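A.B. asks: What follows is a predicted protein model with its sequence.
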Amino acid sequence: MWKSCFGDPDNYMELYFRDKYRPENTLLYMEGAKAAASLQMLHYRFTFHGAEIPVIYLSGVCTLPAYRRKGYTRALLIEGFREAVRREVPLVFLVPQEKWLVELYAKYGFALTFDAGAGDLPSLKELVARHPDSMEAAYHEFDRHFRGQDMTVQKTFDDFKTIVEEGALFDFPVKRSLVGMARVIDAGWLLSEFASRNNEVSFNIRVRDELLEHNNRAWAVSGGRTAGETLPGVPDVHVDIDDLARLLLGYHTAAEKAPYPGLFPEKTPMMHFMLE
């Protein structure tokens, strides 16, 4: 299925299915005895307003050509959201490889929250060359560079080794940050974390989510906490679930109309080295 849909070279596929693929993180849509569509749910950590939270990165979302336009991608995405709820993961990411996919995923509550990088990322080839006898030392330098950056997908040592091996397959091409999208799975969880890290802001917020009913409610954010009762005398914010992702990740919030810039600090979300 992967080869048919993406056409990746065998050496890349061997690397991916050895290091990233896990049966327990794979969703399949079966038509009879035939696997017709699939997606992978890869687990990462993400710096969110100075804290690290669990996230899921959706990889390899695909349907075999003969089974397309039957709603299988929609069914898999919604089941993926439900599985994220069961795993207590509040946020899901993906990288749309083509522009038309941005509009497709927007139908399921994803928002564009990561811009393409204007500058080159640190060279993995140069990084490894500086530490020829210690992959651990190379990782620590890599980790120091990214760990302190807010709104950034973080990598473990095992992730780093796979990234380096993938780079070596293609002679370490220049890399830049990727266009990416985010989907809020648990609005209450993220608002509570946001409140605890931004205790100077106060507002009431009501969220609308067509696919996940538990997100359809109101919260009050004030004094570093969230509550279920609205507060008098503070801004009232009504947002769809995709807008909430943009606001919470600080995606171009300085350009938003009042009161958003004063409530949601602008950040620079970064999606990098995702085995794209």
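C.D. replies: Looks like it came in fine.

A.B. asks: Gly109 - how many residues pack around it?
C.D. replies: Gly109 has 25 neighbours, counted by other CB atoms under 10 Å. C-beta: built from backbone N, CA, C; applies to glycine.

A.B. asks: contacting residues for it?
C.D. replies: Applying CB atoms under 8 Å, 6 or more residues apart in numbering, we find Gly109 in contact with 183-184, 209-212, 240-242, 245.

A.B. asks: got it, and Val164?
C.D. replies: For Val164, the contact set (CB under 8 Å, 6+ apart) comprises 124, 128, 135, 138.

A.B. asks: Equivalent analysis for Gly180, please.
C.D. replies: By CB under 8 Å, 6+ apart, the contact list for Gly180 reads 93-96, 112-114, 269, 271.

A.B. asks: Strands of this protein, residue ranges please.
C.D. replies: 26-31, 34-48, 51-63, 91-94, 111-114, 153-154, 180-184, 203-208, 218-222, 225-227, 236-240 (DSSP state E).

A.B. asks: Partner strands of the fifth one, with direction?
C.D. replies: The pairing partners recorded for strand 111-114 under DSSP bridges are strand 180-184 (antiparallel).

A.B. asks: Pull the strand it pairs with out as CSV, backbone CA atoms only.
C.D. replies: Below are the C-alpha coordinates for strand 180-184, written out as CSV (Å, rounded to 0.1, in the frame of the first residue of the first chain):
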residue,chain,number,x,y,z
GLY,A,180,2.2,21.5,9.0
MET,A,181,-1.3,21.3,10.4
ALA,A,182,-2.7,20.7,13.9
ARG,A,183,-6.0,19.3,15.1
VAL,A,184,-7.1,19.8,18.7
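
A.B. asks: and that strand, how far from the chain's centre?
C.D. replies: Computed by CA atoms, centre = their mean, to the nearest Å, the chain-centroid distance of strand 180-184 equals 5 Å.

A.B. asks: Repeat that for stretch 227-239.
C.D. replies: On the basis of CA atoms, centre = their mean, stretch 227-239 sits 27 Å off its chain's mean C-alpha point.
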